[in-house]
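Visitor: fold the following.
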Amino acid sequence: LIDRILLGRNTTGLDALKWMDPRAVADLVRNEHPQIIAIVMAHLETDQAAEALKLLPERTRVDVLLRIATLDGIPPNALNELNEIMERQFAGNQNLKSSNIGGVQCAANILNFMDGGQDQTILTEIARIDAPLGSRIQDLMFVFDDLVDLDDREMQLVLREVSGERLGLALRGADIKVRDKITRNMSQRAAEILLEDMEARGPVRLSDVEGAQREILAIVKRMADEGTITIGGAAEAML
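Guide: I've put the predicted structure just below:
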């Protein structure tokens, strides 16, 4: 651990960046090719990457997030070259397999830590370039089962905006923890009616369940943008 803190010989160039202030990281990669920046950001912790990304020009942010979302493994020789750029020695086996960094989930995680408004600006531009990719990133930023992370007050605020019919349909595909979280924040009678309706409905199409979940997630996202509740990176930033 001390070796890593002191940037000792056992720390590679990319690992050394994890100990740096986000502003220092941004300054270091600012003039590099967007693909290089994408690899660096994907290698960092998501909150650190988000902070560094905020300090780059808006045009660069979109390009970098797009590249992060489409990363599919980094060959060892590419990591070697990157470490040379960072003026560090690559400490690893030349026969290592490709590193599994980047990808849609990585991009979504980073966006979760972006300030309100910045995430949608980047997503809008990504969707303009690649609509399916933009949708996949959006879906992964806050999934239905993440509702369990809302506090009770926030859950109650969300429930006021959702119809019982759509809620019952959405819960058909939800984790039991989410169902328990929701019913605990309803009156006993309302919870009983909800569960009875779900049981009486019978089999439903998966596409209908997913559609209802997306509707509720859209409400949650709108409320988060309005500052009524906090989700993802916004919630983390308040701790």
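Visitor: quick check on V162: phi, psi?
Guide: Here the main-chain torsion angles of V162 (degrees, to the nearest 10) amount to phi -110, psi 130.
Visitor: just checking, it touches L217?
Guide: No - look at V162 against L217 with Cβ atoms under 8 Å: they stay out of range, at 10.6 Å. (Glycine included, C-beta is placed from N, CA and C.)
Visitor: quick check: mean pLDDT of stretch 28-42?
Guide: The average of the pLDDT scores along stretch 28-42 is 87.
Visitor: one step back: who's more crowded, V162 and L217?
Guide: It is L217, of V162 and L217, that has more neighbours when counted by other Cβ atoms under 10 Å, with 20 against 17.
Visitor: give me the element that one is part of.
Guide: Per DSSP states H and E: L217 is located in helix 206-226.
Visitor: report the central residue of this structure.
Guide: N109 (2.2 Å; Cα atoms, centre = their mean).
Visitor: report the buried residues of the helix holding L217.
Guide: For helix 206-226, the neighbour count (16 or more other Cβ atoms under 10 Å) marks 209, 212-213, 215-217, 219-221, 223-224 as buried.
Visitor: can you pull the pLDDT of T121?
Guide: You'll see T121 listed with a pLDDT of 87.
Visitor: residue contacts, it?
Guide: T121 makes contact with 58, 62 under the criterion Cβ atoms under 8 Å, 6 or more residues apart in numbering.
Visitor: next secondary structure element downstream of the helix or strand where it lies?
Guide: If you go by DSSP H and E, T121 is part of helix 118-129. Tracing the chain C-terminally past helix 118-129 and defining elements by DSSP H and E, one meets helix 131-141 next.
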